[in-house]
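1. Quick one: sequence plus predicted model below, questions after.
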Amino acid sequence: MAEYLLILVSTVLANNFVLVRFLGLCPFMGVSTKLEGAMGMSVATAFVLTLSSASSYLVHQYLLRPLGLEYLSTLSFILVIAVVVQLTEMVMRKTSPLLYRILGIFLPLITSNCAVLGVALLNVQEHHNLFQSALYGFGAALGFGMVLVMFAAMRERIAHADVPLHFRGAPIGLLTAGLMALAFMGFSGLANL
Amino acid sequence: MLSDISTPVLLLSLLGILFGLGLGWAARRFRVEQDPVVDQIDALLPQTQCAQCGYPGCRPYAEAIASGEADINQCPPGGEAGIRALADLLGREPKPLNPENGVEKPRTVAVIDEEACIGCTLCIQACPVDAIVGASKQMHTVIEEACTGCDLCLPPCPVDCIDMVELEPRLETWRRSRPAPKIALREPA
């Protein structure tokens, strides 16, 4: 139990994928101008990340490992992620049109979120089992969603602030992200995995 | 030695095929049923994508008719015959074309005066059916078969080098004209 808790604390705070490992920066900068969009993106990412890290584990464990083809993991994980995203989109469209309308445009974007591939590859590196992999993915998504929503909330305020001309837009956003990353350095050593 | 190459190739091909089949199955299994009436209405519209009805294209107009948001007499390119067909399909009373949306005109195609064209690409961006070819600072031209005669390329042209010409009936463009309405349309009281 403690081990699972440690995975969560590690992925959400100490080894946050965005601010400590610098993965998934593209949606972090891209969909953080509106709070609603950031929330939608977080939920969609959590959904896909958990599913895809579990299924990448299965592909690695039962196909690549027995055949000695571990070097193909990057390629096959990309395939798995793309399929999971497509499948999620179809199922969601059928079963929950409301959720689809909220998350619909974000789902295809997740395919190119490098945090998703990063989680799958790190799972292999850390020799996680199936449940640990899924939890690692979920924790990563939780950490991603948390900082994304925090960052979006800050940017909404900054948009109304009197920022010096040359810092307006992306530069002040990047500075804010840098300061957030500095703050998250304080969590390092909290959970070493 | 050979298996070093063939095993990964086979495995990845197999994975790709399996995933493809899975997604194909899922696409059928989880297909979202759309309103079939919209498809039927869309099939009756002339597909000029001219937006004279006030909607961005024929499909959105069809959706608006199906939801009761728009009336059936807002499509000038479809003309009276189009309104009649829509009225038949929906079991409504046919009514004259709404003059606010425009008047019925003979079918035309856009022709670019290639001497005058400056290659600004503005008409390419305006064309709803991608019937104009050309590149920046190169002369543009219209693909006659694809042009729907919607007039949307006229306003953006900075040198007014586009003309709408009535289509000469040729062997490949001639179509049997639609039968004229048998009874006169009444103005709604």
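-> Everything's here; your move.
2. just so I have it, where are all the helices in the chain?
-> Using chain A here. Along chain A, counting by DSSP state H, helices occupy A:2-9, A:25-30, A:35-59, A:73-95, A:97-103, A:107-110, A:114-125, A:130-158, A:170-185.
3. Oops, wrong one, chain B.
-> B:2-29, B:36-44, B:58-66, B:79-90, B:122-126.
4. Check which helices and strands the last one sits against.
-> Using 3 or more CB pairs under 8 Å, 6 or more residues apart in numbering or on different chains; DSSP states H and E as the contact definition, the elements that helix B:122-126 packs against are strand B:132-133. For glycine as for every other residue, the C-beta is placed from the backbone atoms N, C-alpha and C.
5. Kindly reformat the helices of chain B as TSV and extend each row with mean pLDDT and mean neighbour count.
-> Supplementary listing: the helices of chain B in TSV, determined by pLDDT from 0 to 100; neighbours: other CB atoms under 10 Å in any protein chain shown:
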stretch	mean pLDDT	mean neighbour count
helix B:2-29	90	12
helix B:36-44	85	16
helix B:58-66	88	21
helix B:79-90	85	18
helix B:122-126	90	17
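6. Just list the residues touching residue B:114, thanks.
-> If you count contacts by CB atoms under 8 Å, 6 or more residues apart in numbering or on different chains, residue B:114 has them with B:139-141.
7. quick one: pLDDT of the residue lying closest to residue B:115 once chain neighbours are set aside?
-> Sequence neighbours aside, residue B:161 is the residue nearest to residue B:115 in space, at 8.0 Å (criterion: CB to CB, 6 or more residues apart in numbering or on different chains). On the pLDDT scale, residue B:161 is placed at 90.
8. For residue B:161, give its distance to residue B:122.
-> For residue B:161, the distance to residue B:122 equals 11 Å [CB to CB, to the nearest Å].
9. Then residue A:49?
-> Per CB to CB, residue A:49 is found 44 Å from residue B:122.
10. Same check on residue A:4?
-> 60 Å.
11. chain center to stretch B:36-55: distance?
-> 8 Å (CA atoms, centre = their mean, to the nearest Å).
12. and what of stretch A:82-102?
-> From the chain centre to the centre of stretch A:82-102 is a distance of 18 Å (CA atoms, centre = their mean).
13. Check stretch B:74-94 too.
-> Distance of stretch B:74-94 from its chain centroid, counting by CA atoms, centre = their mean, is 17 Å.
14. and what of stretch B:106-113?
-> Averaging C-alpha positions (CA atoms, centre = their mean) puts stretch B:106-113 16 Å from its chain's average.
15. Identify the residue nearest the geometric centre of chain A.
-> residue A:141 (4.3 Å; CA atoms, centre = their mean).
16. do the same with chain B
-> The centre of chain B sits closest to residue B:47, judged by CA atoms, centre = their mean, with a distance of 3.2 Å.
17. Spit out the contact partners of whichever residue of chain B sits closest to chain A.
-> When distances are taken as CB to the nearest CB, chain B reaches nearest to chain A at residue B:30, 3.9 Å away. Residues near residue B:30 by CB under 8 Å, 6+ apart: A:90-91, A:93-95.
18. which of those residues tops the neighbour count?
-> Counting neighbours by other CB atoms under 10 Å in any protein chain shown, the top entry in these is residue A:90, with 20 neighbours.
19. That one - nearest residue in space that isn't next to it in sequence?
-> Leaving aside its chain neighbours, residue A:90 sits nearest to residue B:30 (4.5 Å; criterion: CB to CB, 6+ apart).
20. Got the phi and psi for the one you found?
-> Here is the backbone geometry of residue B:30 (degrees, to the nearest 10): phi -110, psi 30.
21. Contact partners for residue A:55?
-> Residue A:55 neighbours (CB under 8 Å, 6+ apart): A:80, A:84.
22. switch the cut-off to 10 Å
-> Contact analysis of residue A:55 by CB atoms under 10 Å, 6 or more residues apart in numbering or on different chains lists A:77, A:80-81, A:83-84, A:87, A:120, A:130, A:133-134, A:137.
23. do residue A:56 as well
-> By CB under 10 Å, 6+ apart, the contact list for residue A:56 reads A:64, A:73, A:76-81, A:84, A:116-117, A:119-121, A:123-124, A:133, A:137.
24. Put the buried members of those residues into a PyMOL selection.
-> Burial among the contacts of residue A:56 is assessed by 16 or more other CB atoms under 10 Å in any protein chain shown; the matching PyMOL selection reads:
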select buried, chain A and resi 64+73+76+77+78+79+80+81+84+116+117+119+120+121+123+124+133+137
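25. List the residues that contact the residue nearest to residue B:115.
-> So residue B:161 contacts B:111-118, B:120, B:123, B:139-140 (CB under 10 Å, 6+ apart).
26. My guess is residue B:156 contacts residue B:120. True?
-> Yes. Under the criterion of CB atoms under 10 Å, residue B:156 makes contact with residue B:120 at 8.4 Å.
27. Show me chain B divided up by domain.
-> The domain map for chain B lists B:36-101, B:106-168, with the assignment taken from automatic domain parsing.
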